[in-house]
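# Give me the fold of what follows.
(2 chains)
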Amino acid sequence: GAGVSQSPRYKVAKRGQDVALRCDPISGHVSLFWYQQALGQGPEFLTYFQNEAQLDKSGLPSDRFFAERPEGSVSTLKIQRTQQEDSAVYLCASSKLAYSYNEQFFGPGTRLTVL
Amino acid sequence: AQSVTQPDIHITVSEGASLELRCNYSYGATPYLFWYVQSPGQGLQLLLKYFSGDTLVQGIKGFEAEFKRSQSSFNLRKPSVHWSDAAEYFCAVGGTGTDKLIFGTGTRLQVFP
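Have a look, this model is predicted:
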């Protein structure tokens, strides 16, 4: 079976551009997470969905970041007016059920470079 | 505040030697503890997890970890390291009342033949 997939794998944006990052979770997984991993750091939580409901967006660094999961499956993380500090790897993870004791399966990430 | 500390940024061992990666956590409620491994260009893969019960947990690839509540630690061990174990290792904590994981900054493991 397929794992979590993310696209694009690499994205280069000029400062000020808008970008959209896609995550395809494992089919049937209820929970979906977005994390940001800066160079040399561990992943940091951005936001969490349970089906189509965004239950926690406390980690989104600014109102330039927006995430959606309209049909409870595919999710998109959108960053408006990108800044250099947005350069990072964006990781998506899904889990079969809710709650953190369930294993989160991670995608390979999208490496965003803002010039 | 909830946090995870991995004191060792980089560890180098010889193939066949034993390994211990340190992890300390701070968490106000009952912690759920995880170790993930990340190879270059790959997503994170779960090695093992602790929720309750036996404080020594076994994982994949011959790894084990021991939960010590008194020391707020969850150190990862392997008795004999293989060259393919070279990767970045992350400790993470979750718990009751939350769905997200809090990760440490990672330990990069280098294995010499």
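
# pLDDT score for residue 93?
Since you didn't name a chain, this refers to chain A. Here the pLDDT value assigned to residue A:93 is 95.

# You answered for a different chain; I wanted chain B.
So, for residue B:93, pLDDT stands at 93.

# what about the nearest residue to it once chain neighbours are set aside, how many neighbours?
The shortest distance from residue B:93 to any non-neighbouring residue, by C-beta to C-beta, 6 or more residues apart in numbering or on different chains, is to residue B:25 (4.7 Å). Yep, even glycine has a C-beta here, placed from its N, CA and C like the rest. Neighbour count for residue B:25, taken as other C-beta atoms under 10 Å in any protein chain shown: 21.

# tell me what the strand or helix carrying residue B:25 is packed against?
Secondary structure assignment for residue B:25, by DSSP states H and E: strand B:24-26. For strand B:24-26, the elements it packs on are strand B:3-5, strand B:73-78, judged by 3 or more C-beta pairs under 8 Å, 6 or more residues apart in numbering or on different chains; DSSP states H and E.

# Turn those into CSV, columns for mean neighbour count.
Below are the helices and strands packed on strand B:24-26 laid out as CSV (neighbours: other C-beta atoms under 10 Å in any protein chain shown):
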stretch, mean neighbour count
strand B:3-5, 17
strand B:73-78, 20
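
# How about the contacts made by residue A:59?
Neighbour list for residue A:59: A:36, A:44-47, B:100 [criterion: C-beta atoms under 8 Å, 6 or more residues apart in numbering or on different chains].

# typo on my end, it should be residue B:66
B:55-57, B:73-75, B:77 are the contacts of residue B:66 under C-beta under 8 Å, 6+ apart.

# Once you drop chain neighbours, what's closest to the one residue sitting closest to the centre of chain A?
Centroid check for chain A by C-alpha atoms, centre = their mean gives residue A:34 as the closest residue, at 3.3 Å. Once flanking residues are discounted, residue A:34 sits nearest to residue A:46: 4.2 Å by C-beta to C-beta, 6+ apart.
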